[in-house]
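S.K.: Predicted model and sequence follow; I will ask about them next.
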Amino acid sequence: MGLRRVLTIALLITLATAAPAHADDGRVGGSPGNVRPVASEHIRMESETVQVVLYGGFAEYLVDFKFVNSGAAEKVRLGFPFALDDKTSGTPGIALGGFQAWQGDTPLKVTVTTGFDGPYESGWYEHEATFPNGVTFVRVRYVSRPSVSAGIADTEVTPPAYTGMYSATAWYPYVLHTGAGWQGTIGRAVIRYTYCSDTRGWAYGTAGWPEETPCTKPAGFSRTGQRFQWILEDFEPSLDAVTAQSPYDIALFYNQGFGAIQEPPRPDWIRPLAAGAAASSESPLLEWGDAKFGAQKAIDSDPVTAWLSAPTNADGRGQTLRVDLGETRTVREVRILPGYARLPEDFADHARPRRATLIFSDGTRVAITLADEPSVQRFPVNVSCSSATLRIDDVYPGTTFRNVGISEIEFGESAAPLFESYEAVIAAEGPTVNTDALAVANPWTPETTSTDDPADAPLPRPTESRLARPRGEGLIPGLLTTIVLLGVTAAFTSRRESDD
């Protein structure tokens, strides 16, 4: 069996066990621990826009929904599902962080529970909104790491010298099928993925992959520069009741490439800024059970982990986080995800940086002010440095603990793409996906709503209970499998070379 075949099978096995991580807002019913999608009789999702910016090692999502209620005003429990990451021991395991929701410009309170999405157990970010007769806009925003597996690279990679490179494969999903429960069809959806020039990966898109290999989907997307775009119109994104899969669900695949299985090694034009980087802090290592919150957590490309300083009477003021870039680099933008962004209560419990100073090894100092929200905040700079130190000058105090947190910090070689307005994105032009080709033979049917409540009636809310703190360190989905595959494949490669 050839090496390519071994890796393809390994990739298929790993992908088959991966659950979707991000999805449309759906209407939900049930009690905590048993939340499930339900159908809506009067509220239609007229349109939605999904914007995904891929930073160096993680991504940020901004999703806007336009709803039209043809009936009387209703209070509605909205649920945004996410995959339960069984490689963490939190309750539930969290695969994405920094989740926020708004109705118009008004923030919505977010709670976390578990339930089901079709036959799969799922986590749910719940938020409640009142839908008057007519139009309502809902927005959600969050950050996520990619799913990762081992596999083969695109056979049409540019430049041609790297065709067929063996690598680690990563993907960012967005699930549309949970939007099927709203009344009628979804009128129009525009989904955009845009990657930075320093995103750690290459060979975006998968036109040359073997037919049996999962790839960027569904067909019908367009690519312009660093942007991938899907446009779907007048569609109902069904889930197949037999396979528990949906052909409407989006996934952007790309190659990360690490380890001994690459042939040839990673091209020298791929220069991820975090390669060889290390982080340190003068603050003692904070441990919580088995979980560790050391400085390296701030550069691990996982937004649900964090560096947390040791508690002090100053609530983290004066604490420093130093990042060694591994070599002298040009830095044009610093990106910071402040606080412990894993869950809304984690973010509130610990202090967040309010004012800070960036101190670069070339002597440059830049004072910055951060908003008190778990979203990626970007600061333009123009330096050439081998290391940088973030000094916390002032904080937004935590409600429970007297320490400060940073979930992620990145040093970009150029400015990351910006999110655009809903109006600009929904009016996008380009080819549309042939949704007739995505028809599902055995669609899963959400139960008929039993939770349509008049706006003046109290909506039963689930009892809010504090989630257990994480006892183990979060791992990228598929990482353990990847490590095993790397070892097996390296051994196979070694034996093949000896046979030669």
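M.R.: Arrived safely.
S.K.: surely residue 75 meets residue 132?
M.R.: No. Between residue 75 and residue 132 there is no contact under C-beta atoms under 8 Å: 10.6 Å. No exception for glycine: its C-beta is placed from N, CA and C like everyone else's.
S.K.: Okay, strands next: where are they in the stretch 351-500 of the chain?
M.R.: 352-360, 365-369, 377-396, 405-412, 453-454 (DSSP state E, counting those that start in this stretch).
S.K.: Can you say which of those strands is nearest to residue 109?
M.R.: strand 453-454 (17.1 Å; C-beta to C-beta).
S.K.: before we move on, the earlier item: what about residue 75 and residue 132, which has more around it?
M.R.: residue 75 (17 against 11; other C-beta atoms under 10 Å).
S.K.: How about that one: which residues does it bridge to?
M.R.: Judged by DSSP bridges, the bridge partners of residue 75 are residue 130, residue 453.
S.K.: With residue 360 instead?
M.R.: Here residue 360, judged by DSSP bridges, has bridge partners residue 388.
S.K.: and it, how many neighbours?
M.R.: 20.
S.K.: and the residue lying closest to residue 399 once chain neighbours are set aside, what does it touch?
M.R.: Spatial nearest neighbour of residue 399, chain neighbours left out: residue 348 (5.1 Å); criterion: C-beta to C-beta, 6 or more residues apart in numbering. By C-beta atoms under 8 Å, 6 or more residues apart in numbering, residue 348 lies in contact with 398-400.
S.K.: Can you tell me which of the strands of the stretch 351-500 of the chain is most buried?
M.R.: strand 405-412 (a mean of 27; mean count of other C-beta atoms under 10 Å).
S.K.: got the angle between that strand and strand 352-360?
M.R.: Relative orientation of strand 405-412 and strand 352-360, computed by axes from the mean of the first three to the mean of the last three C-alpha atoms, to 10 degrees: 40 degrees.
S.K.: So which other helices or strands are in contact with strand 405-412?
M.R.: strand 307-308, strand 320-338, strand 377-396 (3 or more C-beta pairs under 8 Å, 6 or more residues apart in numbering; DSSP states H and E).
S.K.: Please spell out which residues along the second one are buried.
M.R.: For strand 320-338, burial by neighbour count (16 or more other C-beta atoms under 10 Å) applies to 320-323, 325, 329, 331-338.
S.K.: How many residues are close by residue 141?
M.R.: Residues near residue 141, counting by other C-beta under 10 Å: 20.
S.K.: shouldn't it be in contact with residue 96?
M.R.: No. The pair residue 141 / residue 96 is not scored as a contact, 10.8 Å apart, by C-beta under 8 Å.
S.K.: Endpoints of stretch 333-347, how far apart?
M.R.: 24 Å (C-alpha to C-alpha, to the nearest Å).
S.K.: One more: stretch 278-298?
M.R.: OK, stretch 278-298 end separation, C-alpha to C-alpha: 10 Å.
S.K.: Same question for stretch 178-189.
M.R.: 14 Å.
S.K.: Now do it, average pLDDT.
M.R.: Average pLDDT, stretch 178-189: 89.
S.K.: buried residues in that stretch?
M.R.: Buried residues in stretch 178-189, counted by 16+ other C-beta under 10 Å: 178-183, 185-189.
S.K.: Same list (the residues you listed) but as a markdown table, adding distance to residue 220 and secondary structure.
M.R.: Output for those, formatted as a markdown table (distance: C-beta to C-beta, whole Å; DSSP: H, G, I helix; E, B strand; the rest coil):
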| residue | distance to residue 220 | secondary structure |
| --- | --- | --- |
| 178 | 21 | helix |
| 179 | 18 | helix |
| 180 | 19 | helix |
| 181 | 24 | helix |
| 182 | 22 | coil |
| 183 | 25 | coil |
| 185 | 17 | coil |
| 186 | 16 | strand |
| 187 | 17 | strand |
| 188 | 14 | strand |
| 189 | 12 | strand |
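S.K.: Tell me the one of these nearest residue 299?
M.R.: Closest to residue 299, out of all of the buried residues of stretch 178-189 and judged by C-beta to C-beta, is residue 178, at 32.6 Å.
S.K.: That closest one touches residue 81, doesn't it?
M.R.: Yes. At 5.8 Å, residue 178 counts as touching residue 81 under the criterion of C-beta under 8 Å.
S.K.: about what we covered before: buried ones among the contacts of residue 348?
M.R.: Buried, going by 16+ other C-beta under 10 Å: residue 398, out of these.
S.K.: picking up where we left off before, of all the buried residues of strand 320-338, which comes closest to residue 65?
M.R.: Nearest member of the buried residues of strand 320-338 to residue 65, counting by C-beta to C-beta, is residue 337, at 23.8 Å.
S.K.: so who does that closest one touch?
M.R.: Listed by C-beta under 8 Å, 6+ apart, the contact set of residue 337 reads 98, 143, 303, 374-377, 406-409.
S.K.: Kindly recompute the last result at 6 Å.
M.R.: 303, 376, 407-408 (C-beta atoms under 6 Å, 6 or more residues apart in numbering).
S.K.: can you put those residues in JSON lines and add pLDDT and distance to residue 50?
M.R.: Rendered in JSON lines, the data for the contacts of residue 337 read as follows (pLDDT from 0 to 100; distance: C-beta to C-beta, whole Å):
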{"residue": "303", "pLDDT": "92", "distance to residue 50": "18"}
{"residue": "376", "pLDDT": "98", "distance to residue 50": "17"}
{"residue": "407", "pLDDT": "96", "distance to residue 50": "22"}
{"residue": "408", "pLDDT": "96", "distance to residue 50": "21"}
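S.K.: Going by distance to residue 67, which of the residues you listed wins?
M.R.: residue 376 (26.8 Å).
S.K.: Next, the distance between the ends of stretch 366-373.
M.R.: 21 Å.
S.K.: from what I can see residue 392 touches residue 315, true?
M.R.: No. Here residue 392 lies out of contact with residue 315, judged by C-beta atoms under 6 Å, at a distance of 9.2 Å.
S.K.: So which of the helices and strands packed on strand 405-412 is nearest residue 218?
M.R.: That would be, of the helices and strands packed on strand 405-412 and by C-beta to C-beta, strand 320-338, which comes in at 30.3 Å.
S.K.: Next secondary structure element downstream of the closest one?
M.R.: helix 344-349 (DSSP states H and E).
S.K.: Just the buried positions in that following helix, please.
M.R.: 344-349.
S.K.: Next, format these as a markdown table and append pLDDT and distance to residue 221.
M.R.: A markdown table is the format used below for the buried residues of helix 344-349 (pLDDT from 0 to 100; distance: C-beta to C-beta, whole Å):
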| residue | pLDDT | distance to residue 221 |
| --- | --- | --- |
| 344 | 93 | 33 |
| 345 | 93 | 37 |
| 346 | 93 | 35 |
| 347 | 96 | 34 |
| 348 | 96 | 38 |
| 349 | 95 | 40 |
